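Visitor: Everything below, folded, please.
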Amino acid sequence: MASTLTTSLIAALAPYWYARLPFTTAVSLAAGGQASVIPAVANWNQGTSPTVLVTVEAVQTAPDPNLVLTLATDRTTQLLYAAAAPGGFAPLPVRAYAWQSLTLAARNPNTAASPASPVWTTVSIFRVPTAWKVLFGQPITPAEAGAAATLGVETSPTAQRGLRPIPLSAVIERTYANRQIASPLVYDGPPQQFTSAAPTATLPTITVPANGLYVLRRISVPIDADYGPQVTINWETQENFWSGDPSGSPRPLDFVLPFLQQLQVVVTVQSPPPGPVPIRVEVWRLSLSLLLRARLAALTGLTPAALAALYESQGLPAAQAVELAGRLTAQVDLGVE
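Guide: Sure, this is the predicted structure:
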């Protein structure tokens with residue numbers, strides 16, 4: 001069960017191009033104490049040209065003068081002081097990019113204890129196109145340089161002017177929001193009454209139709225920490241893919257979790273709350289467009305050869321079909337639209 005970031009979770013999500021997950025850890029530190037928030041994760045990229053960028057998008061915690069967080073990514077270390085945390089559980093200012101290693105640790109440098117409080121970390125996994133590699137000064141392969149040349153884009157370190165990769169902040173809007181084919185699918189059923197005999201609520205499985213792509217966006221389970229709530233996500237064919245305690249955040253849990261087959265949300269409690277609990281799940285429904293199929297080629301099987309065959313089946317001459325397939329593949333690989 002993935003309650004924290006791991007290399008296996010990164011590997012599972014990388015073929016989906018972009019995903020974002022929240023993670024929570026309860027931290028309670030005695031004077032001078034230390035604790036791990038995200039254990040060391042490393043070496044998810046193999047070879048000379050990296051393919052996956054892991055970004056710590058946000059860190060949230062309650063204000064606490066006795067809590068200092070150390071965020072280490074690759075060769076960079078940041079200190080985040082919970083004493084400076086905004087009110088209302090707003091995130092601390094952070095955006096940390098990692099290509100090879102990431103860890104987040106908590107310590108108490110003072111003589112007073114740090115009370116138990118959750119630390120929320122939002123992490124994105126992005127299979128980077130060539131433009132992003134060039135932007136970050138990462139090496140690219142000869143094949144990637146060739147794909148860029150197909151579109152007339154120069155990728156040498158001294159000639160990057162005009163290169164316009166997709167900003168991560170625009171990924172959701174440009175890739176998901178504007179490709180919705182219907183209003184979001186929202187589970188907002190009758191509030192769940194937990195009991196000692198029935199401490200689990202299993203929501204209906206959400207199944208993706210043919211030629212569709214669904215994206216989990218939000219889960220809301222308003223239960224106090226005293227009742228020990230736990231949310232578990234069964235994703236695609238993986239049971240217990242993600243789990244977390246929803247009680248630490250005053251807002252719905254925010255996700256960008258694509259899936260092509262199915263997803264199920266399960267909520268359990270250690271002790272039943274006195275009244276019914278409303279549970280809300282929001283999922284975006286998208287058409288699996290040709291561009292999305294090409295971006296998810298490892299999952300959809302839309303290789304350049306398959307794409308050329310598709311174009312040819314639509315009546316294009318073979319040479320033109322191969323050319324169009326090459327250009328769309330290059331566009332996807334480069335990361336420009």
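Visitor: Listing request: residues of the chain with sub-threshold pLDDT.
Guide: For the chain, the stretches with pLDDT under 70 are 1-2, 151-171, 173, 336-337.
Visitor: what about the residue nearest to Thr150 when sequence neighbours are not counted, helix or strand, and which?
Guide: Leaving aside its sequence neighbours, Thr150 sits nearest to Ala330 (CB to CB, 6 or more residues apart in numbering; 4.1 Å). Heads up, the C-betas are built off the backbone N, CA and C, glycines and all. Taking DSSP states H and E as the criterion, Ala330 maps to helix 318-334.
Visitor: name the helices or strands packed onto that helix?
Guide: helix 130-135, helix 142-150, helix 290-295, helix 304-313 (3 or more CB pairs under 8 Å, 6 or more residues apart in numbering; DSSP states H and E).
Visitor: Counting neighbours, what do you get for the residue nearest to Thr150?
Guide: 20 (other CB atoms under 10 Å).
Visitor: how close does it sit to Tyr81?
Guide: 45 Å (CB to CB, to the nearest Å).
Visitor: Same check on Thr175?
Guide: Taking CB to CB, one finds Thr175 at 35 Å from Tyr81.
Visitor: of these two, who's got more company?
Guide: Higher neighbour count among Thr175 and Tyr81: Thr175, with 22 against 14, using other CB under 10 Å.
Visitor: Ala321 is in contact with Ala305, isn't it?
Guide: No - counting by CB atoms under 8 Å, Ala321 does not reach Ala305; the two are 10.2 Å apart.
Visitor: neighbour-wise, which of the two wins?
Guide: Neighbour count, other CB under 10 Å: between Ala321 and Ala305, Ala321 has more, with 19 against 11.
Visitor: Please name every helix or strand in contact with the biggest strand by length in the chain.
Guide: Secondary structure of the chain read by DSSP state E shows that its longest strand is strand 114-127. Applying 3+ CB pairs under 8 Å, 6+ apart, we find strand 114-127 packed against helix 7-13, strand 18-29, strand 34-42, strand 52-60, strand 101-107.
Visitor: Output the ones you listed in JSON lines; the columns should cover distance to Ala225.
Guide: Formatted as JSON lines, the helices and strands packed on strand 114-127 follow (distance: least, CB to CB, whole Å):
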{"stretch": "helix 7-13", "distance to Ala225": "24"}
{"stretch": "strand 18-29", "distance to Ala225": "8"}
{"stretch": "strand 34-42", "distance to Ala225": "17"}
{"stretch": "strand 52-60", "distance to Ala225": "15"}
{"stretch": "strand 101-107", "distance to Ala225": "18"}
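Visitor: Could you dump the ones you listed into JSON lines with mean neighbour count and distance to Ile279 added?
Guide: Putting these into JSON lines (neighbours: other CB atoms under 10 Å; distance: least, CB to CB, whole Å) gives the following:
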{"stretch": "helix 7-13", "mean neighbour count": "16", "distance to Ile279": "24"}
{"stretch": "strand 18-29", "mean neighbour count": "21", "distance to Ile279": "17"}
{"stretch": "strand 34-42", "mean neighbour count": "16", "distance to Ile279": "27"}
{"stretch": "strand 52-60", "mean neighbour count": "21", "distance to Ile279": "22"}
{"stretch": "strand 101-107", "mean neighbour count": "21", "distance to Ile279": "29"}
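Visitor: Now do the contacts for the residue lying closest to Ala42 once chain neighbours are set aside.
Guide: Leaving out its chain neighbours, the residue that sits closest to Ala42 by CB to CB, 6+ apart is Ser101, at 4.1 Å. Each residue near Ser101 by CB atoms under 8 Å, 6 or more residues apart in numbering is listed here: Ala40, Val41, Ala42, Asn43, Ala72, Thr73, Asp74.
Visitor: Contacts only, for the second one.
Guide: Applying CB under 8 Å, 6+ apart to Val41 gives the contacts Leu5, Thr6, Thr7, Ile10, Val54, Ser101, Leu102, Thr103.
Visitor: just these now: which is nearest Gly32?
Guide: Using CB to CB, Thr103 comes nearest to Gly32 of these, at 19.8 Å.
Visitor: still on that earlier bit, out of the contacts of Val41, what pair is the most spread apart?
Guide: Ile10 and Thr103 (13.9 Å).
Visitor: mind listing what the residue nearest to Ile279 when sequence neighbours are not counted touches?
Guide: Among residues not flanking Ile279 along the chain, Val221 sits closest, at 5.4 Å (CB to CB, 6+ apart). Listed by CB under 8 Å, 6+ apart, the contact set of Val221 reads Pro229, Val231, Pro246, Leu253, Val267, Val277, Ile279, Arg280.
Visitor: Quick check: Val221 vs Leu203, distance?
Guide: Val221 is 10 Å from Leu203, by CB to CB.
Visitor: and for these two, which residues touch both?
Guide: Val267, Ile279.
Visitor: For the helix holding Ala330, which residues meet the burial criterion?
Guide: Ala321, Val322, Leu324, Ala325, Gly326, Leu328, Thr329, Ala330, Gln331, Val332, Asp333, Leu334 (16 or more other CB atoms under 10 Å).
Visitor: Identify all contacting residues around stretch 283-291.
Guide: 176-177, 179-182, 184-186, 206, 211-217, 260, 263, 292, 296, 300, 302, 307, 328, 332.
Visitor: same thing but 7 Å
Guide: Around stretch 283-291, the neighbours that count as contacts under CB atoms under 7 Å, 6 or more residues apart in numbering are 176, 179-182, 184-185, 206, 211-217.
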